[in-house]
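>>> any chance you can model this:
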Amino acid sequence: MSLPSPPQVAVIGGGPAGLIAAEVLGQSGVSATVYDQMPSVGRKFLMAGRGGLNLTHSEDFERFAARYAEAQPHLRPLLEAFGPEDLRAWCKGLGQETFVGSSGRVFPKAFKASPLLRAWLSRLDALGVRLALRHRWQGWDEVGRLVFTDPAGETLRVTPDATVLALGGASWPRLGSDGAWTSPLEAAGIAVMPLRPANMGFTLAWSEVMRSRFEGEPLKRIALTFGDVTVRGEAVVTAEGIEGGAVYALSARLRDAIEKQGHATLTVDLRPDLPAEALAARLEAPRRGQSASTFLRKAAGLSPVGVALLREARPALPERAEDLARLIKAVPLALTGTKSLERAISSAGGIPFGEVDEHLMLRKKPGVFVAGEMLDWEAPTGGYLLQATFATGIAAARGALAHLEIPDAALTRSPSSATRQP
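Predicted coordinates for the structure are as follows:
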């Protein structure tokens, strides 16, 4: 007598959320097929690793969870189930040790994504996970079957026992996450919040001198303030405006303000380590024939791009030391818009949490689960994006297992690992 075939689960999307979902399913004896429209999986994951793959963050869990702002109540239980220490242990299991950088960010010791992805794909292959590449998902047909366009351009219809959707957001569409999934979801009556850029740069009207002489120049050891929030870090001058880690940390607030008012004023403290009074005292020194740029470099420790930033705000620099110090401590930048969604690091918007249950199953599509950036959440850079992507992928897969009444044999962990300080 032949044994019954294992349940079939379709995972649509070959990014981190989809691949980790397939791993959980495969370890529990489910036959998982990952469908992806690209010729290979993990393309955005590899792009993220070009400058060093920031997997997660080592800060206290309470502070970590707070990074997800309005989405925290929904993501917190998922992060408790698979937190930063769990992600590090998972990497170690793939032969990729991690380390904590000086900023608290966590990276693989190889510092790249490619060794981790190779080991991961080898594990998935051993689990029997099948990859169906160059398959573009079109939605559902009239009887609820999944519809794909295959590599030959033919229509393929699939009827799995459950489905995990992990198609990403809409940033860097050339890598596969183009946001085209919004149409079939909306056609199925599922609410989708507009996809918007997140962790992106901003535009402003630089002078020709600023554009031609300082494009690409870093602004190091600065502090940026918008409203009541101040962030220390670095930024980079671009031809169209400004971007960089410190900018990304404020990007959600700045974006929302620009959408409401058409503009936002960001202030730059060029010497956050020096109180205004101490800075003014230094600026009281006699110039002795020095040019303004030379004097500001020596007395205030400003770089050429920092001096240029002052002149953008006030072409005629203040004469009084106190006024000049105040300007150095709060250079106003009038932001006029955001960089495009296509060039953003991540995207906001997507499927509201109200459309899914506690297992991330679509209420209007029983047996269909959602993970990753398709859900309506956003977080700053620093490891928070990948951590939540992994956590939601695991939660969606576990939801599918519960729906199929299959025991979860995957990714065992200590119950206390998420709540202890990493």
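
>>> nearest residue to Ala66 in space, please, no chain neighbours.
Of all residues not flanking Ala66 in the chain, Gln72 sits nearest, at 6.3 Å (C-beta to C-beta, 6 or more residues apart in numbering). Heads up, the C-betas are built off the backbone N, CA and C, glycines and all.

>>> should've said Ala65
When the adjacent residues along the chain are set aside, Ala65 lies closest to Arg76, with 5.1 Å between them (C-beta to C-beta, 6+ apart).

>>> quick check: buried residues in the helix or strand containing the one you found?
For Arg76, the host element (DSSP states H and E) is helix 72-81. By 16 or more other C-beta atoms under 10 Å, the buried positions in helix 72-81 come out as 74-76, 78-81.

>>> pull the distance from that helix to the chain's centre.
Relative to the centre of its chain, helix 72-81 is centred 17 Å away, using C-alpha atoms, centre = their mean, to the nearest Å.

>>> count of neighbours near Val305?
Val305 has 19 neighbours, counted by other C-beta atoms under 10 Å.

>>> for it, what are its contacts?
By C-beta atoms under 8 Å, 6 or more residues apart in numbering, the contact set of Val305 is 214, 217-219, 237.

>>> try 10 Å
By C-beta atoms under 10 Å, 6 or more residues apart in numbering, the contact set of Val305 is 210, 213-220, 236-237, 270.

>>> could I get the CA-only coordinates of stretch 282-300 as CSV?
Output in CSV follows, covering the C-alpha atoms of stretch 282-300 (Å, rounded to 0.1, in the frame of the first residue of the first chain):
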residue,chain,number,x,y,z
ARG,A,282,36.2,79.1,20.1
LEU,A,283,34.7,81.3,17.4
GLU,A,284,35.7,84.4,19.4
ALA,A,285,39.3,83.8,18.5
PRO,A,286,40.8,86.4,16.2
ARG,A,287,40.9,85.4,12.5
ARG,A,288,44.2,87.0,11.7
GLY,A,289,43.5,87.3,8.0
GLN,A,290,42.3,83.7,7.6
SER,A,291,39.5,83.0,5.1
ALA,A,292,36.1,82.1,6.6
SER,A,293,36.6,78.5,5.4
THR,A,294,40.0,78.2,7.0
PHE,A,295,38.9,79.8,10.2
LEU,A,296,35.9,77.5,10.5
ARG,A,297,38.0,74.5,9.8
LYS,A,298,40.5,75.4,12.6
ALA,A,299,38.3,77.0,15.2
ALA,A,300,35.1,74.9,14.8
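
>>> buried set for it?
Buried residues in stretch 282-300, counted by 16+ other C-beta under 10 Å: 283, 295-297, 299-300.

>>> check which helix or strand Ala32 maps to.
strand 31-36.

>>> so how far is that strand from its chain's centroid?
Using C-alpha atoms, centre = their mean, the offset of strand 31-36 from its chain centre is 24 Å.

>>> what do you get for stretch 128-144?
Worked out by C-alpha atoms, centre = their mean, stretch 128-144 lies 26 Å from the chain centre.

>>> follow-up on the earlier one: return the subset of the contacts of Val305 lying in helices.
210, 213-214 (DSSP state H).

>>> most surrounded residue in those?
Busiest of the ones in helices among the contacts of Val305 [other C-beta under 10 Å] is Phe214, holding 23 neighbours.

>>> please report how far it lies from Ala334.
Distance, Phe214 to Ala334, using C-beta to C-beta, to the nearest Å: 17 Å.

>>> what angle sits between the helix or strand containing Ala89 and helix 72-81?
In this assignment (DSSP H and E), Ala89 forms part of helix 84-93. If you take axes from the mean of the first three to the mean of the last three C-alpha atoms, to 10 degrees, helix 84-93 sits at 40 degrees to helix 72-81.

>>> do you know how far Phe295 is from Leu327?
Distance, Phe295 to Leu327, using C-beta to C-beta: 14 Å.

>>> ok, Leu360 next?
Leu360 is 50 Å from Leu327, by C-beta to C-beta.

>>> residues contacting the residue nearest to Asp357 when sequence neighbours are not counted?
The shortest distance from Asp357 to any non-neighbouring residue, by C-beta to C-beta, 6+ apart, is to Arg363 (6.1 Å). Counting by C-beta under 10 Å, 6+ apart, Arg363 touches 190, 354-357.

>>> could you export stretch 379-388 as CSV, CA atoms only?
Extracted C-alpha coordinates of stretch 379-388, given in CSV (Å, rounded to 0.1, in the frame of the first residue of the first chain):
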residue,chain,number,x,y,z
ALA,A,379,11.4,50.0,10.6
PRO,A,380,14.7,51.8,10.3
THR,A,381,17.9,50.3,9.0
GLY,A,382,20.1,48.6,11.6
GLY,A,383,19.0,45.0,11.3
TYR,A,384,15.3,45.6,12.1
LEU,A,385,14.1,45.0,8.5
LEU,A,386,15.6,41.6,8.1
GLN,A,387,14.7,40.5,11.6
ALA,A,388,11.0,41.2,11.1
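
>>> cheers, nothing more for now.
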